[in-house]
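Visitor: below is the sequence, then the predicted model.
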Amino acid sequence: MSAAGAKIAAPAPETIARAAEIVRSGGLVAFPTETVYGLGADATSDKAVAAVFAAKARPRFNPLIIHFPDLAAAAAAAVFDARALTLARRFWPGPLTLVLPRRADCPVSLLACAGLETIAVRVPADDVAQALLVAAKRPLAAPSANPSGSVSPTTAAHVAEALGGKIALVLDGGPSRIGIESTVVDLSGQEARILRPGGVARADIEAVLGPLAPGPAGDSAQPRSPGLALQHYAPSRPLRLDAESGPERPAEALLAFGAHPPPGYAAVRNLSPAGDVVEAAANLFAMLRELDRPEYAQIAVMPVPESGLGEAINDRLRRAAGGAKADAAAPLRQPPRRAG
Ligand code: TXA
Ligand code: MG
């Protein structure tokens with residue numbers, strides 16, 4: 001046991017079996033990969049994924065990388081075109097993550113993908129990671145196992161020091177062989193681009209695909225606001241935040257929070273009747289989609305406390321509402337300037 005409380009365990013077969021059991025019951029397990037240690041959870045469970053964001057104290061719901069034991073398993077979640085198949089066959093298992101369209105029947109939590117139509121998939125090479133993926137029989141959503149904003153861990157001890165109180169078990173596979181994160185390649189559009197440099201060099205990817213568009217994301221044709229490097233899911237209905245009483249207009253739907261949603265709305269989904277922000281995070285993307293329908297004129301959203309995952313929930317809701325308060329550092333979107 002470390003001082004911080006997590007059990008660090010050598011990856012004996014019975015320990016892998018216990019880790020798999022923890023994952024299947026919705027818990028968190030830190031595990032080694034060849035790049036950095038990951039904080040793993042059942043990627044098919046919104047609740048388990050919400051617990052990952054809570055443990056990392058991520059201020060926003062960045063989409064997570066989903067880990068699979070092999071290409072066949074990944075192909076059940078994502079749509080692989082010829083480019084994706086070529087890269088996967090060349091670099092998997094290994095330090096490469098592909099951002100691909102989600103399959104229509106993708107079993108992975110929408111929260112894990114931050115509500116996007118894309119999914120980041122990876123097949124790690126590390127033996128312990130492989131053993132855990134096979135035993136868990138679930139894809140693992142796994143960001144680096146560090147609190148948000150600090151450096152990625154490359155030993156079990158790093159993980160236990162920083163996150164020990166928040167995870168049941170840290171599988172110890174020794175120091176990470178590569179020690180920097182996987183290269184993230186976006187193949188969801190026409191042009192392949194590197195979103196994050198990492199364990200596979202750009203030149204090695206270009207040797208397979210040919211020259212890549214200049215990356216990371218954001219080019220002169222498509223300027224993006226600071227803090228909006230990633231495209232996020234935005235509902236097509238207008239959102240009205242801080243709704244605390246009845247509807248403002250006909251056919252308004254309510255995204256509620258807490259025990260006492262005001263009456264009179266055309267439809268209600270409650271993020272957490274108990275007022276639990278972790279439960280609310282797990283429900284956020286799925287419920288927003290359920291209310292984002294043509295029969296509703298607008299979606300009113302009750303206030304969610306800013307504590308814990310509430311900060312990330314509110315960040316997403318503000319972005320979805322038009323981004324005006326999304327990021328204090330980001331300028332408001334300017335209307336296009338008229339020439340002359
Ligand atoms: O080496 C690694 O990749 C490690 C190990 C544990 O596998 N994982 C890792 O995960 O670094 P994380 O969550 O710390 O980084 C995920 C990266 C972020 O840059 C995120 O923005 C990007 O992947 N990403 C994930 N899903 C995406 C998506 N659908 N579209 C664009 N970027 C995505
Ligand atoms: Mg990270």
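Guide: Done, it's in. Ligands and ions are numbered 1, 2, ... in the order given.
Visitor: so Pro101 sits against Ala77, correct?
Guide: No: at 10.3 Å, Pro101 and Ala77 do not qualify as touching, with contact defined as C-beta atoms under 8 Å. No exception for glycine: its C-beta is placed from N, CA and C like everyone else's.
Visitor: ok, these two, which is more surrounded?
Guide: Ranked by neighbour count (other C-beta atoms under 10 Å), Pro101 and Ala77 place Ala77 first, with 21 against 18.
Visitor: not counting its neighbours along the chain, what's nearest that one?
Guide: Nearest non-adjacent residue to Ala77, counting by C-beta to C-beta, 6 or more residues apart in numbering: Cys106, 4.8 Å away.
Visitor: swap in Pro238?
Guide: Pro238 sits nearest to Gln298 (C-beta to C-beta, 6+ apart), 4.9 Å away.
Visitor: for that neighbour, give the beta-bridge partners.
Guide: Beta bridges link Gln298 to Glu252, judged by DSSP bridges.
Visitor: give me the common contacts of Pro101 and Ala77.
Guide: Taking C-beta atoms under 8 Å, 6 or more residues apart in numbering as the criterion, Pro101 and Ala77 both touch Ile119.
Visitor: what count of nearby residues applies to Ser182?
Guide: 27.
Visitor: which ones are touching it?
Guide: Thr35, Ile65, Pro95, Leu96, Thr97, Arg122, Arg196, Gly198, Gly199, Val200.
Visitor: near ligand 1 too, which of these?
Guide: Thr35, Ile65, Thr97, Arg122, Arg196 (C-beta under 6 Å from any ligand atom).
Visitor: hmm, the one helix or strand Arg319 maps to touching ligand 1?
Guide: Per DSSP states H and E, Arg319 falls inside helix 310-320. No: if you take C-beta under 6 Å from any ligand atom as the test, helix 310-320 misses ligand 1, and the best it gets is 13.4 Å.
Visitor: just checking, what packs against that helix?
Guide: helix 277-291 (3 or more C-beta pairs under 8 Å, 6 or more residues apart in numbering; DSSP states H and E).
Visitor: tell me what the helix it packs on is packed against?
Guide: In terms of contacts (3+ C-beta pairs under 8 Å, 6+ apart), helix 277-291 is packed against helix 46-56, strand 252-256, strand 267-270, helix 310-320.
Visitor: can I get the ones you listed in a markdown table with mean neighbour count and mean pLDDT?
Guide: Output for the helices and strands packed on helix 277-291, formatted as a markdown table (neighbours: other C-beta atoms under 10 Å; pLDDT from 0 to 100):
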| stretch | mean neighbour count | mean pLDDT |
| --- | --- | --- |
| helix 46-56 | 23 | 95 |
| strand 252-256 | 25 | 98 |
| strand 267-270 | 18 | 98 |
| helix 310-320 | 21 | 82 |
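Visitor: I am finished for the moment; much appreciated.
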